[in-house]
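>>> Fold the following.
(one chain, ligands or ions: 1)
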Amino acid sequence: MKLLEERIEKDGQVLGENVLKVDSFLNHQVDPMLMDAIGTEFYQLFAGDKPITKILTVESSGIAPAIFTGLKFGVPVVFARKHKSLTLKDDVYSSEVFSFTKQVSNKISISHKFLNQADRVLIIDDFLANGQAIEGLLDIIGQANASLAGVGVVIEKSFQKGRAILDQKGIKVESLARIKKFADGKVIFVEE
Ligand code: 5GP
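Residues are numbered from 1 along each chain as shown. You can find the predicted model right below:
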């Protein structure tokens, strides 16, 4: 997605070997016009398939692109919660996820109320790195006996193992920006 690649080139900051900071439009401050375009793009990529009943993501950075995608499909958006709150009781599906950026393990949970076997789910997330966050959501979808339409990722770091893991499972993955590598603080995209 050209608009997104240009924005990454303009505002993204490469941190160390393998982290991209995009806090001016996605991870802290959010650009709703860009999110709107992202929602439209995901809609075009996944709308041709069987009907999608729900968008699933993980709090907090997946929520913005997920909401705009849900808006285009006209379906609810459910975000897995990372911390057990008093209002999130025992009737939940849970999975353990190792956070790439924070280097800690988190339990993510979704209430039984918001996912069941009648659902056909599209997963949306901000980044795909080693695939842990998405594997956690796949685990939860399995527990709920729901089915998966595919995975939409805003920024994929193709040099990390997440994409290969999802491809091996035969899952339809659509990434709007695919990063081949970082070189001298610059982002090099995969040439399609
Ligand atoms: P994974 O579970 O695929 O290893 O990592 C995905 C999650 O880690 C994303 O939901 C995102 O929050 C975070 N993440 C992974 N890589 C990056 C990165 O380069 N930059 C930022 N800002 N977040 C990342």
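
>>> any residues touching the biggest helix by length in the chain, and which ones?
When the chain is parsed with DSSP state H, its longest helix is helix 32-46. Contacts to helix 32-46, defined as Cβ atoms under 8 Å, 6 or more residues apart in numbering, come from residues 1, 3-4, 7, 25-26, 52, 64-65, 67-73, 122, 124, 149-150, 152, 154, 172, 174, 176. Yep, even glycine has a C-beta here, placed from its N, CA and C like the rest.

>>> try 7 Å
1, 3-4, 7, 25, 52, 64-65, 68-69, 71-73, 122, 124, 149-150, 152, 154, 174, 176 (Cβ atoms under 7 Å, 6 or more residues apart in numbering).

>>> in what helix or strand does the spatially most central residue of the chain lie?
The residue lying closest to the centre of the chain (Cα atoms, centre = their mean) is Asp125, at 1.0 Å. For Asp125, the element it lies in under DSSP states H and E is strand 120-128.

>>> Quick check: buried residues in whichever helix or strand comes after that strand?
Downstream of strand 120-128, the next assigned helix or strand under DSSP H and E is helix 132-143. Buried residues in helix 132-143, counted by 16 or more other Cβ atoms under 10 Å: Gln132, Ala133, Ile134, Glu135, Gly136, Leu137, Leu138, Asp139, Ile140, Ile141.

>>> Name the residues of this structure found near the ligand, please.
Contacts of the chain with the ligand, taken as Cβ under 6 Å from any ligand atom, map to 19-22, 27, 61, 100-101, 125-133, 162.

>>> Any of those residues buried? List them.
When the residues of the chain next to the ligand are checked for burial by 16+ other Cβ under 10 Å, the buried set is 20, 22, 27, 61, 100, 125-129, 131-133, 162.

>>> rewinding a little: tell me which residues touch the residue nearest to the centre of the chain, please.
Thr57, Val58, Gly62, Ala133, Ile134, Val153.

>>> Please name the spatially closest residue to it (chain neighbours excluded).
What sits nearest to Asp125 in space, not counting adjacent residues and going by Cβ to Cβ, 6 or more residues apart in numbering, is Gly62, at 4.5 Å.

>>> Can you read off the pLDDT for that neighbour?
pLDDT, Gly62: 97.

>>> so it touches Ile124, yeah?
Yes. Gly62 lies in contact with Ile124 (Cβ atoms under 7 Å); the separation is 6.0 Å.

>>> When these two are compared, which one has more neighbours?
Neighbours were counted for Gly62 and for Ile124 using other Cβ atoms under 10 Å; Ile124 has more, 32 against 26.

>>> how close does the more buried one sit to Ala183?
28 Å (Cβ to Cβ, to the nearest Å).

>>> just Asp49 next, same as before
36 Å.

>>> Which of those two has more residues huddled nearby?
Asp49 (12 against 9).
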